[in-house]
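Q: Quick check, what structure comes out for this input:
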Amino acid sequence: MSRTPRSDVSIKGLSTKSQSTKSLASRMATGSLNGSGKGQKLSKTLALKTDSRKSGSLKRSASKKSSSTAQKGMASKSNHTATKQELIRAYRDMVRARLNDEKAIVLYKQNKCHFQIGVAGHEAVQVATGHVFRPAKDWFYPYYRDMALCAALGMTDQEFMLNAMNKADDPNSHGMQMPMHYGHKALRIVNQSSPTGTQFLQAVGVALGIKRTKADEVVYVSAGEGTCSQGDFHEALNWAAREKLPIVFLIQHNDYAISVHVSEQLAGGGITRLAQSYENMEGHEIDGTDYQTSLNAMSRAHARALAGEGPSVIEAKVPRLQSHSISDNHLKYRSQADIDRDKLKCPIARMRALLISKKFATKEELASIDGELKKAVDVAAEWAEAQPDVSVESALLNNYVDTTPWEAVTEGTPNGEEVYMVDALNHALDEELARDKNLLIFGQDVAHGKGGVFTVTIGLTAKHGKDRVFNSPLAESSIIGVSVGLASMGMKPVAEIQFGDYVWTGMMQIRNELAMMNYRSSGDFTCPAVIRIAVGGYIHGGCYHSQNIEATFAHFPGLYVVYPSNASDAKGLLKAAIRGKDPVLFLEHKGLYRQVYAKGPEGDAECLVPLGKAKVARAGTDATIVTWGALVNKSLIAAKELEKEGISIEVIDLRSIVPLDKECIFESVRKTGRVLVVHEDVEFMGFGAEIAAQISQECFTNLDAPVRRLGMKYAAAVAHSGPIENFVLPQNQDVLDAARSLLAF
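A: Just a heads-up that it's a prediction; the model follows:
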């Protein structure tokens, strides 16, 4: 469905790692939930849920089966008829989810909860899914209506109420996100974000990791039918089907994406036929209000995935029994008659009628269960309200796992024969593949004999195998999203975006997922992917093969951005990035790949260059040039020319854009008193503006002249015409003239 509204959100603070689920569990274990000793009993909930899956009739075999045996197993599990005990358990989970949902509405009206988005109407298929899939073993990418799924997997009333009130011990996000954005490290519910559809490709990434490691696991991912309009959904289906990945897509079709009816959303009114058109993909449309039907469908899909038969799409028709969210009023776009018709499809009422008709329970017994569960929810809410809020001090924590990545890395001294940058990068990847079995390299054209359009990965598929160095579909969002999923589950993806000019279709995955996963989960889920991106001009690449992108991505906390100027630094920085704990955009200037002046010795396999440490490429005393990438050599040329005039220029090669080595810059400025910042990207709002601002703020009294900048002229693109490219991009003479102007002030 559409993105969750940001209105009516009031988050008072952010959480710390120390205020963790572990502290919640310890208080529960000591009976401190409500002062009556119930906490000890409640603390056993998750364990009991997990044990029931180990002993229940829906248990999944961990052994590898032959195809025929697997098919028989699939048939038997999909035909399983739920027992009285299982139906009562399903009823309890469905009612518990509904009661927690309704309690959040009450808390909202009391100004204790500041957002709510309902599960009502979706409970049956979600609970059935939770009874088939295995918490803490399978992986889960829910969407914001999946409260009943989380309840069936073992999330407690206390945890739901902590989530509703943005408390520090909320295992979903520790107060970082809006309520109903689910995540639970212990249950393997990967932290969910608000942008709808981004979860699909991440789930595919986890499924790919499962297949590569031959793990006995399955991935669940869900959304509403409105989200099926997103391109990421179709990209995910393609990748999952092509690779026969162990993943189940549950589309909860309630006819409305906020106010937009499915007739205005999807061609054909659904997605089952679309799913069936993909080879290796099964698609089924089911009545999602029927627990037994849902149980059969999800059991078959889960068993099929385990057997290696491929992915499934389950389109579950369900009613939406509330407005889209607490901020919405569905009476503005739905008739009362339509709403009343949906109320007749209530899955809880249907389950209640089934239990009574089968004489599994009486009305009185079910009413007793309802009362018991409501009391437990009320007690949990009262307890949660008394728990600590997140501390304001935690607001700036968890941007990164390692905020000082240079401290753990000692810069090596490269030696040996000089090599081109393209070869140094190739050798770095080769060495890291040999070092780390969890490292995967993929992207457009990177595999087999091609080895990338610039041959950075040439020979790596032949040496390390097609399961570790492989081609991706031609889709940047897929490449980034799959990287996010792989990294979140513990793999080390090193993905390639062929040209920086085309990274923008992956922007949602980079900005809202890759950069924010660690922060929004308060460190529960990390995402140390490395994304290699070829950038830069000076090669007659034209409008769409010449862009620089460092300024844009430096603006997003959570990302490290690296931009080497020579072979020695490129190899050491790439190896350090791969071994790091945070996401890195590794920018490679394609004009430097085979430049003689960018050659350098590479050192051995342990010769690393730390992120966040600039290098004084040339010492001087009269002025400082701060630069990076292709402009380092042009700055050195200018410095050598000025040396003939008796002027001493210090040239600083940043190497890392983020972390920015401010102290190296400041130290030089305090010595020389004059600064020129030179970069290839557009001068206006380029990263040089940030450097100039930092210098002005911290070293103003040391300056003998205003900070000067030089960058690309204000043109929309680098034209293919050679004379125009030379005109808009800084040339050797431009750097020399700018330096002389600075010195003349």
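
Q: got the contact list for the helix or strand in which N518 is found?
A: Assessed by DSSP states H and E, N518 sits inside helix 517-520. Defining contact as C-beta atoms under 8 Å, 6 or more residues apart in numbering, one finds that helix 517-520 is touched by 173, 176-177, 191, 193, 398-401, 484, 488, 525-527, 557-558, 582. Every C-beta, even on glycine, is put in place using the N, C-alpha and C of the backbone.

Q: cutoff 6 Å now
A: 173, 176-177, 398-399, 401, 525-527, 558 (C-beta atoms under 6 Å, 6 or more residues apart in numbering).

Q: just stretch 306-319 next, same as before
A: Applying C-beta under 6 Å, 6+ apart, the external contacts of stretch 306-319 come out as 60, 70, 121-122, 125, 240, 244-245, 247-254, 270-272, 275, 280-288, 297, 301, 342, 345.

Q: Can you give me the buried ones in that stretch?
A: 306-307, 309-319 (16 or more other C-beta atoms under 10 Å).

Q: Could you list which of those belong to helices?
A: Among those, the residues falling in helices (DSSP state H) are L306.

Q: Of all pairs in the buried residues of stretch 306-319, which one is the farthest apart?
A: A307 and P319 (33.1 Å; C-beta to C-beta).

Q: okay, which residue is most central for the chain?
A: E513 (3.3 Å; C-alpha atoms, centre = their mean).

Q: Low-confidence stretches in the stretch 151-300 of the chain?
A: When residues are selected by pLDDT under 70, none of them lie in the stretch 151-300 of the chain.

Q: Now do the helices in it.
A: For the stretch 151-300 of the chain, the helices defined by DSSP state H, counting those that start in this stretch occupy 157-164, 198-213, 231-243, 272-276, 291-306.

Q: any idea how far the fourth one is from the chain center?
A: The one in question is helix 272-276. Offset of helix 272-276 from its chain centre (C-alpha atoms, centre = their mean, to the nearest Å): 27 Å.

Q: before we move on, what about the second one?
A: Distance of helix 198-213 from the chain centroid (C-alpha atoms, centre = their mean) equals 12 Å.

Q: Show me what that helix is packed against.
A: strand 139-141, strand 219-224, helix 231-243, helix 476-488 (3 or more C-beta pairs under 6 Å, 6 or more residues apart in numbering; DSSP states H and E).

Q: Return the third one as PDB; C-alpha atoms alone will do.
A: Extracted C-alpha coordinates of helix 231-243, given in PDB (Å, rounded to 0.1, in the frame of the first residue of the first chain):
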ATOM      1  CA  GLY A 231       8.800  -1.700  -9.500                       C
ATOM      2  CA  ASP A 232      10.600  -3.400  -6.600                       C
ATOM      3  CA  PHE A 233       7.900  -6.000  -6.400                       C
ATOM      4  CA  HIS A 234       8.200  -7.000 -10.000                       C
ATOM      5  CA  GLU A 235      12.000  -7.000  -9.800                       C
ATOM      6  CA  ALA A 236      11.800  -9.200  -6.700                       C
ATOM      7  CA  LEU A 237       9.500 -11.700  -8.500                       C
ATOM      8  CA  ASN A 238      11.900 -11.900 -11.400                       C
ATOM      9  CA  TRP A 239      15.000 -12.600  -9.300                       C
ATOM     10  CA  ALA A 240      13.300 -15.000  -7.000                       C
ATOM     11  CA  ALA A 241      11.700 -17.000  -9.900                       C
ATOM     12  CA  ARG A 242      14.900 -17.100 -12.000                       C
ATOM     13  CA  GLU A 243      16.900 -18.500  -9.100                       C
END
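
Q: Now it: buried residues?
A: Quick answer for helix 231-243 (16+ other C-beta under 10 Å): 232-241, 243.

Q: sorry, back to before: selection in ChimeraX covering whichever of the contacts of stretch 306-319 are buried, please.
A: Those of the contacts of stretch 306-319 that count as buried under 16+ other C-beta under 10 Å are selected in ChimeraX with:
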select :60,70,121,122,125,240,244,245,247,248,249,250,251,252,253,254,270,271,272,275,281,282,283,284,285,286,287,288,297,301,342,345
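
Q: Now intersect the contacts of stretch 306-319 with the strands, please.
A: Members of the contacts of stretch 306-319 lying in strands (criterion: DSSP state E): 247-253, 282-287.

Q: and which of these is nearest F745?
A: Closest to F745, out of all of the ones in strands among the contacts of stretch 306-319 and judged by C-beta to C-beta, is I247, at 62.0 Å.

Q: contacting residues for the closest one?
A: 203, 207, 219, 240, 311.

Q: In JSON lines: the residues you listed, plus distance to A577.
A: Output for those, formatted as JSON lines (distance: C-beta to C-beta, whole Å):
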{"residue": "A203", "distance to A577": "25"}
{"residue": "A207", "distance to A577": "25"}
{"residue": "V219", "distance to A577": "27"}
{"residue": "A240", "distance to A577": "28"}
{"residue": "P311", "distance to A577": "32"}
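
Q: Out of those residues, which is nearest to D101?
A: Of these, the one sitting nearest to D101 (C-beta to C-beta) turns out to be A203, at 24.2 Å.

Q: dump the residue contacts of the closest one.
A: Applying C-beta under 6 Å, 6+ apart to A203 gives the contacts 141, 219, 221, 247.

Q: how about 8 Å then?
A: Per C-beta under 8 Å, 6+ apart, neighbours of A203: 139, 141, 219-221, 236, 247, 485.

Q: Please give the element, helix or strand, for V106.
A: Per DSSP H and E, V106 falls inside helix 84-109.

Q: That helix to helix 291-306, inter-axis angle?
A: 100 degrees (axes from the mean of the first three to the mean of the last three C-alpha atoms, to 10 degrees).

Q: For helix 84-109, buried residues please.
A: Buried residues in helix 84-109, counted by 16+ other C-beta under 10 Å: 86-105, 107-108.

Q: distance between it and the chain's centre?
A: That offset, for helix 84-109, works out to 30 Å (C-alpha atoms, centre = their mean).

Q: Then stretch 451-462?
A: 27 Å.

Q: got it, and stretch 252-263?
A: With C-alpha atoms, centre = their mean, you get 26 Å for stretch 252-263.

Q: in it, what counts as buried?
A: 252-258, 262.

Q: ok, now stretch 646-662?
A: Applying a neighbour-count criterion of 16+ other C-beta under 10 Å, one finds 647, 649-661 buried in stretch 646-662.

Q: quick one: M508 is in a helix?
A: Yes. According to DSSP: H, G, I helix; E, B strand; the rest coil, M508 belongs to a helix.

Q: what about it, neighbour count?
A: Close neighbours of M508, defined as other C-beta atoms under 10 Å, add up to 20.

Q: these two touch, right, it and P195?
A: Yes. With contact defined as C-beta atoms under 8 Å, M508 counts as touching P195 (5.9 Å).

Q: which residues are common contacts for these two?
A: Common neighbours of M508 and P195 (C-beta under 8 Å, 6+ apart) do not exist.

Q: Apart from its chain neighbours, what residue comes closest to V262?
A: D255 (5.0 Å; C-beta to C-beta, 6 or more residues apart in numbering).

Q: Now L585: which helix or strand?
A: strand 584-589.

Q: what's the spacing between K137 and R709?
A: Distance of K137 to R709, given as C-beta to C-beta, to the nearest Å: 55 Å.

Q: and these two? which has more neighbours close in?
A: R709 (20 against 16).

Q: from what I can see the more buried one touches A689, true?
A: Yes. The pair R709 / A689 is scored as a contact, 6.9 Å apart, by C-beta under 8 Å.

Q: pLDDT weak spots in this structure?
A: 1-78.

Q: Let me see the domain layout of it.
A: 21-48+87-395, 418-601, 616-744 (automatic domain parsing).

Q: which residue ranges form the strands in the stretch 451-600 of the chain?
A: Listed in chain order, the strands of the stretch 451-600 of the chain (DSSP state E, counting those that start in this stretch) span 469-471, 492-497, 530-535, 560-562, 584-589, 600-601.
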